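Q: Prediction below, plus the sequence it came from.
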Amino acid sequence: MSEVLSATGARLRDSVPLAALTTLRVGGPATVADCVTTDSLVATVRALDAAGIPVLLLAGGSNLLIGDDGFGGVVVRVATTAVEFGDDRVLAEAGADWDAVVAATVAAGFGGLECLSGIPGSAGATPVQNVGAYGVEVEQTIRRVRLLDRATGDVRWAEPGELGFGYRTSVLKHSSAAVVLAVEFALRPDGTSAPLRYGELARMLDAADGGTRPAAQVRAAVLRLRAGKGMVLDPADHDTWSAGSFFTNPVVPRDQERRILDAIAAHVGDVTVPTYPAPDGVKFSAGWLIERAGFAKGFPGPDAPARLSTKHTLALTNRGTATAADLVALARIVRDGVADRFGVRLEPEPVTIGVTL
């Protein structure tokens, strides 16, 4: 392996426990190649691809569930961290800590990204997942993404229209065709926030739907809301040993909405069900469905190594000793329970490596 990577500038480490590199803190051992420059990252991926060696790209590790057997190829750790500002934009290398990027934009007097405060992970992961929170998705702010095409070895800029953004997805997700090297985001030079579309946040800020507030004020409010749900990383709080929201909010076709509402009524009675319009149908709240299916916060109990967060039913958490197998077992119980009761199949949000749900 060292011969393959000798001229790439990467630092090679053997038998690294991947649990130490993910926010779920699970995952077996692997060989890791640390890349601190974009040139090194490009050269490393090119060299491994040419040698036919499997590659797993890893930066913040916040959206990964890696199996207990680890990874049989090379984990390329994206550790590129440069951030550069322009008059109305910010360019972040793929390995830059996402919340640090958001904080830097607010501190520099810009708005636009503040609703995405507190989300763990790297800047390069944001277009892959089409990261979103509190009424904002990154597709609304991305100007362009710099990619390494693994088939040709070419590096180029891609426009947003090429990336096939959808709800928590893009053409980059679950695909190995390209590597994100950097992302450029549009900013609001006047320092005002993106329009506030999320009711809970708007109420906290005493703002009308679609109104704005100073970006710093919105960022502080978002961090308070996320912390209250265990969604801001804290090594001392096992509720944050998670991949964030483990399941996406399900979007169902309009012609299935009535069937699902009837199933909910049959199990929990005549209640108001939170639903939201979506381009392809109707979006239901995964957290709401999980709780009404009988899985309360903290399920299955304090002695379990993996359980639902005590603050938010949508997060599956490692209580300190969980394995990937423990988390998979819990995810299956929750997913199948919701499907049995309401006829809705929840889909996992994290990328899974070496495990099958």
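A: Sure thing, it's come through.
Q: Please tell me how far residue 232 sits from residue 264.
A: 31 Å (C-beta to C-beta, to the nearest Å). In this view, the C-beta of every residue, glycine as well, is placed from N, C-alpha and C.
Q: Give me the below-cutoff pLDDT ranges for the chain.
A: Residue ranges of the chain with pLDDT under 70: none are present.
Q: Outline the domain layout of it.
A: If you go by automatic domain parsing, the domain ranges for the chain are 11-78, 83-228, 238-353.
Q: can you count the residues close to residue 174?
A: 10 (other C-beta atoms under 10 Å).
Q: quick one, what contacts it?
A: residue 351 (C-beta atoms under 8 Å, 6 or more residues apart in numbering).
Q: gap between the two ends of stretch 129-148?
A: In terms of C-alpha to C-alpha, to the nearest Å, the two terminal residues of stretch 129-148 are separated by 17 Å.
Q: ah, wrong one, I meant stretch 162-177
A: OK, stretch 162-177 end separation, C-alpha to C-alpha: 13 Å.
Q: Now it: buried residues?
A: 163, 165, 166, 168, 169, 170, 171, 172, 173 (16 or more other C-beta atoms under 10 Å).
Q: Next: stretch 341-353.
A: Buried, per 16+ other C-beta under 10 Å, within stretch 341-353: 341, 342, 344, 346, 348, 349, 350, 351, 352, 353.
Q: that older thread, for the domains of the chain, give me a markdown table that also has distance to residue 4.
A: Formatted as a markdown table, those follow (distance: least, C-beta to C-beta, whole Å):
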| stretch | distance to residue 4 |
| --- | --- |
| domain 11-78 | 5 |
| domain 83-228 | 15 |
| domain 238-353 | 21 |
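Q: just so I know, which of the ones you listed lies nearest residue 2?
A: Nearest to residue 2 among those is domain 11-78; the distance by C-beta to C-beta comes to 5.8 Å.
Q: longest helix of this structure?
A: Across the chain, the longest stretch assigned as helix under DSSP state H is helix 324-342.
Q: which residues in the stretch 101-250 of the chain form helices?
A: Taking DSSP state H, counting those that start in this stretch as the criterion, the stretch 101-250 of the chain contains helices spanning 125-129, 199-204, 215-228.
Q: Out of the buried residues of stretch 162-177, which is nearest to residue 313?
A: Using C-beta to C-beta, the buried residues of stretch 162-177 come closest to residue 313 at residue 168, 17.7 Å.
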